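1. structure for this input, please:
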Amino acid sequence: MKLLILGCGYTGQRLAQRLLQEQIAVHVTNRQGSVPNLTAFPFHLPPDHPPILPPAAAYTDVTHVLSTIPPDPQGNDPVAQCLLPTLGTLSLQWFGYLSTTGVYGDTQGKWVDETSPLQPQAVRSHNRVRAESAFLQSTLPTHIFRLPGIYGPDRNILERLRSGAARHILKPGHVFSRIHVDDIVQTLWHSMQHPQPGSIYNVADDLPSEPSTLILKGAELLGITPPAAMPYDATQLSPMAQSFWQECRRVSNLKIKSELGVNLLYPSYQEGLQAIWAAESRGS
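-> Residues are numbered from 1 along each chain as shown. Purely as a prediction, here's the structure:
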């Protein structure tokens, strides 16, 4: 096995480190072509300039490819737009694409699974549906992973509480699903070892919940007073934040458990935040 990660950001780097521990070779790309402690190549579509594509060396002996790159502001997926012909020449066993549970739109709190209708509301979710379709209709051995809000070390409510960026917004009954980055990593790893091309997976934890509960848990762990609560109707939000708050759904994770054998490391934000806080307290 040799993995190429296209767009090596937060989740990609976490996955790369896990596979390196398994003695599996990993190549990655990002805009700069440089990632600490990883073999990296440039991949970038600068506006009004020719695309900067990965060199042939990036693909040498690659058997698995993961794209973590979102569509651009015009709605085009860079990988689907520029790399499909090249990827199609490789002897790939597995191709993965990180998408979003936003493709389900607003279900007013009802549960969704992988068979639920796609009803995207936000433009970025419409673009994700198009990208998913492009990969599923290609010749690649495609696997789609639909993700909710991602958290983990260095990216969590504890960080936002410390920085003063956390906003304690109350909208009773409005829940979000979320997932710890290490549970994304283990789900991808399970899928890579047991490819089932054409499969779609929701990757979420067991407990969709109101954002207020995270604020209160984080403040409890830090031993601080939580920020003052603000009613949703009286809160000014950016257009991006507003779009998130206009959608409410609960995301089922039964398929990754039954089909891939995933046993979540962090079944809810409670275990996840506790583990992050404990690691920080140990200085690890």
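2. what comes up buried for stretch 217-232?
-> Neighbour counts using 16 or more other C-beta atoms under 10 Å place 217-219, 221-222, 226-227 of stretch 217-232 among the buried residues. Where C-beta positions appear, they are placed from N, C-alpha and C, glycine not excepted.
3. please state the offset of that stretch from the chain centre?
-> 26 Å (C-alpha atoms, centre = their mean, to the nearest Å).
4. what's the end-to-end length of that stretch?
-> Distance across stretch 217-232, first residue to last, is 20 Å (C-alpha to C-alpha, to the nearest Å).
5. avg pLDDT for it?
-> Mean pLDDT, taken over the full extent of stretch 217-232, equals 96.
6. repeat for stretch 251-264
-> Confidence over stretch 251-264 (mean pLDDT, whole number) is 98.
7. how far does the one helix or strand in the chain whose mean pLDDT sits lowest sit from its chain's centre?
-> Confidence across the helices and strands of the chain bottoms out at helix 239-245, with a mean of 86, counting by mean pLDDT, DSSP states H and E. Going by C-alpha atoms, centre = their mean, the spacing between the C-alpha centre of helix 239-245 and its chain's C-alpha centre is 18 Å.
8. buried ones in it, by neighbour count?
-> Residues of helix 239-245 classed as buried: Ser243 (neighbour count, 16+ other C-beta under 10 Å).
9. for Arg155, state which of the buried residues of stretch 217-232 is nearest.
-> Nearest to Arg155 out of the buried residues of stretch 217-232 is Gly218 (C-beta to C-beta; 12.8 Å).
10. picking that back up, just the ones in helices from the buried residues of stretch 217-232, please.
-> Within those, membership in helices is found for 217-219, 221-222, as judged by DSSP state H.
11. quick one on the thing from earlier: nearest to Tyr10, of the buried residues of stretch 217-232?
-> Ranked by distance to Tyr10 (C-beta to C-beta), the buried residues of stretch 217-232 are led by Gly218 at 18.9 Å.
12. the closest one: what's it in contact with?
-> If you count contacts by C-beta atoms under 8 Å, 6 or more residues apart in numbering, Gly218 has them with 156-158, 160-161, 166, 226, 273.
13. run a quick neighbour tally on Pro141.
-> 17 (other C-beta atoms under 10 Å).
14. ok, so what distance separates it from Val129?
-> Distance of Pro141 to Val129, computed by C-beta to C-beta, to the nearest Å: 20 Å.
15. would you mind measuring the gap between the ends of stretch 89-99?
-> End to end - C-alpha to C-alpha - stretch 89-99 spans 24 Å.
16. got a list of contacts for the strand or helix carrying Leu98?
-> Leu98 belongs to strand 94-100 when assigned by DSSP states H and E. Strand 94-100 is contacted by residues 11, 63-68, 87, 124-125, 128, 131-132, 135, 140-148, 184, 188, 191-192, 195, 197 when judged by C-beta under 8 Å, 6+ apart.
17. that strand pairs with which strands?
-> strand 64-67 (parallel), strand 142-147 (parallel) (DSSP bridges).
18. distance between the helix or strand just after it and the chain's centre?
-> Reading on from strand 94-100 to the C-terminus, the next helix or strand found by DSSP H and E is strand 111-112. Remark: strand 111-112 is offset 18 Å from the chain centroid, using C-alpha atoms, centre = their mean.
19. now do the helix or strand that comes right after strand 111-112, average pLDDT.
-> The first helix or strand that comes after strand 111-112 along the chain, using DSSP H and E, is helix 123-136. Regarding helix 123-136, the rounded mean pLDDT is 97.
20. again with stretch 36-45
-> Mean predicted confidence for stretch 36-45 is 94.
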